[in-house]
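1. fold the stuff below for me.
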Amino acid sequence: MSPMMTELTLPGYRTIQVERKQVEVRFYLEAEETPRVCPCCGGDRLRSKGRYQRSVRHLDCCGLECWLQIDCRRWRCMGCERSFVQPLPGITPRRHSTEGWREEMYRRHDDGICASRLASREHLGQATVSRIYAQFTERKAKERLSLDCPRILGLDEHTLHRGQRFLTTFCDLKNRRIFDISPGRSEPELAGYLAALRGREGVRMVCIDLSNAYRLLVRRWFPRARIVADRFHAIRVVCLHLMRVARQLCPELGWNRAWLGLLRRRAQRCQRTCVIDPVSDF
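-> Numbering: from 1, shown residues only. The predicted model follows:
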């Protein structure tokens, strides 16, 4: 990774020296800006207490591990007499790796690489991989809470395993993706989630099944939304009425599964000798 690439992936540093070894590349850097005010009291009377080296892990360079050796300072405020360390861009306090590298580990683990394999490749512990994944998962969850509800919403219930409680899935039908999942399917169970949901007033259409509970829920929490039945349940109801009409026209049809199967088939898949016209026979 050249000094230019270092500036692109981690701006705010000045490259002093680059040292390449057999299995790693080490960059010696220093921060371009120094603190001007105290983070505790806001005073501008600062005094340097000395320098120290901080080594952090960064994104790999051409298949080699990349380490940043950063020259840092510890400062002391003459007003409140408190000392603090110099903040570094792209590096969270008390971390031994950059945010870019930690996000890369999160993406690899999220793509399906197990924690043991990823830890073995990167010379880490499995607990470190788990902590990084939990950190970014919590961050993504907080970002999702700030999202507005989609304008075209779909509601459906499901269970992951037999015997477990029901979950309600909120789908963004316009973009064809899942918006969120909340436990429960009744209004008392979903009241807390719906009360905190942002953008409910902007929902224009909600697609649900023929459940009365969801219909009442939509009318209360999405007052401006138009209720639409999903295609699967609508076609199912139409088929049930067609079957009733067919039995009224041809009582011999009854519950004969062979004949009912012919009614469900497409016309081009049925042979003419096997097709029965219940209307003409009646």
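
2. what pLDDT does Cys274 get?
-> Looking at Cys274, its pLDDT reads 46.

3. and the strands in the stretch 101-250 of the chain?
-> 152-158, 167-172, 177-183, 205-208, 226-229 (DSSP state E, counting those that start in this stretch).

4. out of the ones you listed, which comes closest to Pro39?
-> Pro39 lies closest, by Cβ to Cβ, to one member of these: strand 177-183, at 36.5 Å. The C-beta positions use only the backbone N, C-alpha and C, and glycine is treated the same way.

5. now do the closest one: distance to the chain's middle.
-> How far strand 177-183 lies from its chain's middle: 10 Å, per Cα atoms, centre = their mean, to the nearest Å.

6. ok, and what's touching that strand?
-> Outside strand 177-183, the residues that touch it by Cβ atoms under 8 Å, 6 or more residues apart in numbering are 144, 147, 149-150, 153, 165-172, 189-190, 193.

7. and the angle from that strand to strand 167-172?
-> Relative orientation of strand 177-183 and strand 167-172, computed by axes from the mean of the first three to the mean of the last three Cα atoms, to 10 degrees: 160 degrees.

8. buried residues in strand 177-183?
-> Phe179, Asp180 (16 or more other Cβ atoms under 10 Å).

9. run me through the strand neighbours of it, direction for each.
-> strand 167-172 (antiparallel) (DSSP bridges).

10. okay, and for this structure, where does confidence drop off?
-> 1-9, 145-146, 161, 163-164, 253-282 (pLDDT under 70).

11. which of the contacts of strand 177-183 are buried? Put it as a PyMOL command.
-> Per 16+ other Cβ under 10 Å, the buried members of these correspond to this PyMOL selection:
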select buried, resi 149+150+153+168+170+171+172+190+193
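
12. circling back: using JSON lines, lay out the strands of the stretch 101-250 of the chain together with distance to Tyr214.
-> Rendered in JSON lines, the data for the strands of the stretch 101-250 of the chain read as follows (distance: least, Cβ to Cβ, whole Å):
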{"stretch": "strand 152-158", "distance to Tyr214": "6"}
{"stretch": "strand 167-172", "distance to Tyr214": "9"}
{"stretch": "strand 177-183", "distance to Tyr214": "13"}
{"stretch": "strand 205-208", "distance to Tyr214": "4"}
{"stretch": "strand 226-229", "distance to Tyr214": "9"}
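
13. out of the ones you listed, nearest to Cys62?
-> Nearest to Cys62, of the strands of the stretch 101-250 of the chain and by Cβ to Cβ, is strand 177-183 at 35.6 Å.

14. measure Glu187 to Leu217 for me?
-> Distance of Glu187 to Leu217, given as Cβ to Cβ, to the nearest Å: 5 Å.

15. ok, the two, which is more surrounded?
-> A count of neighbours by other Cβ atoms under 10 Å puts Leu217 above the other of Glu187 and Leu217, at 21 against 14.

16. does the more buried one really touch Leu190, like I thought?
-> Yes: Leu217 is within contact range of Leu190, at 6.8 Å (criterion: Cβ atoms under 8 Å).

17. over to Arg73: give its phi and psi.
-> phi -130, psi 150 (degrees, to the nearest 10).

18. ok, it - contacts?
-> Thr34, Ser48, Lys49, Gly50, Arg51, Tyr52, Val85, Gln86.

19. what's the distance between it and Leu46?
-> 10 Å.

20. ok, His158 next?
-> His158 is 58 Å from Leu46, by Cβ to Cβ.
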